[in-house]
Structures are given as C-alpha cells and as structure tokens.
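Asker: when you get a sec, could you give me coordinates for this:
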Amino acid sequence: MSAIQDKQTQNVIRYSQQRNSAKELKLPQPDTTRNLRIALRVVGVAFIVGIWSFIQVWPSGWAWHRTGHANYLDMILGVYATLGIFLLIASRKPLEHLSLIWFTVWSSFVHAAIMGVQSLVNPEHVGHLWGDVPFLFALGLLLAVLTPRRLTAATS
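Answerer: Got it, this is the predicted structure:
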C-alpha cells in the first residue's frame, strides 16, 4: 500500500512541477486591448479631421453658428484636435492612459447631452440631433464598452 501511495505522491509532485514550469514560460497572452486600440485611433482621427470635415459638408448638423466666422468654432476644433492627438498616443498603450480615455467618454456624453438640450430648445439647431449629438454619444459609448473597468494582476 505504501508503494502505491509513494507513486501517487510522486505523480502529484511531478504534475505540480509541470504546472509551475508552464507558468514560468510566460506563454503569450491574448491581446485584450486590440479593439480598444483600433477604436482610439478611429476616434483620434475623427477628432482631428472628422469634425472639421463634417462641418464643411453638413453645417446644419455640425456648426452652431448661422453665417460668417464663429470664434467658438476655432476653439472647439482646437480642443478636439488636441484631444485626438492624445488619443492616438494613448492607442499605443491604452491601459496606461485610462484616465484620458474615461475623460473622453464622460466629456463626450456631457457635451452631447448639452447640445441635445440646446437643439430641442432652439428649433433652428434641430439638425444637430442627427449630426454631432449622436456622433459624440456613439464615440463615447464605443470607448466605454471597450475600456476595461479595472486592471487585473495579469494586465498590470
């Protein structure tokens, strides 16, 4: 009976050693941030050139002025282009830039909500309910869905 127990004990020890050596091999982990990295690039480029492009093509759904030059538009385009550049940088290592990503998510939701209310209150701006309002909500939602809520020991 002791010979059988010794053999079982040796098998358990051997199995334990194999498991530990497999952990030490550092097998490649699946890339859990691939889709987030792609989304950050898309949103970054959209913020850099997309907003300006849509204003040129569809002003009633994207520009908040009636005619002529609007100083606010230069400011908005500058702020969003800057954010877009930083999102492109964050796309390289998104887990190191979670606060920037969550800022983008929440500021997009807030900005879209304010614009949505203003569009409803001012009938001349109702076109924004089909333009920049859903655009910002969609981009915020996309990043919110793809961004991890917390880091685990394996990803940190």
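
Asker: quick one: mean pLDDT over stretch 38-50.
Answerer: On average, the pLDDT along stretch 38-50 is 95.

Asker: distance between that stretch and the chain's centre?
Answerer: Once both centres are worked out by CA atoms, centre = their mean, to the nearest Å, stretch 38-50 turns out to sit 10 Å from its chain's centre.

Asker: convert the C-alpha atoms of that stretch to CSV, please.
Answerer: In CSV, the C-alpha atoms belonging to stretch 38-50 read as follows (Å, rounded to 0.1, in the frame of the first residue of the first chain):
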residue,chain,number,x,y,z
ILE,A,38,-8.3,50.5,-33.0
ALA,A,39,-11.2,52.5,-31.6
LEU,A,40,-8.8,55.0,-30.1
ARG,A,41,-7.2,55.5,-33.5
VAL,A,42,-10.6,55.9,-35.2
VAL,A,43,-11.8,58.4,-32.6
GLY,A,44,-8.5,60.3,-32.6
VAL,A,45,-8.6,60.8,-36.3
ALA,A,46,-12.3,61.7,-36.2
PHE,A,47,-11.5,64.4,-33.6
ILE,A,48,-8.5,65.7,-35.6
VAL,A,49,-10.0,65.9,-39.1
GLY,A,50,-13.5,64.4,-39.0
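
Asker: quick one, helices of this structure?
Answerer: Assigned by DSSP state H, the chain shows helices spanning 2-24, 34-45, 51-57, 59-62, 71-90, 98-121, 132-146.
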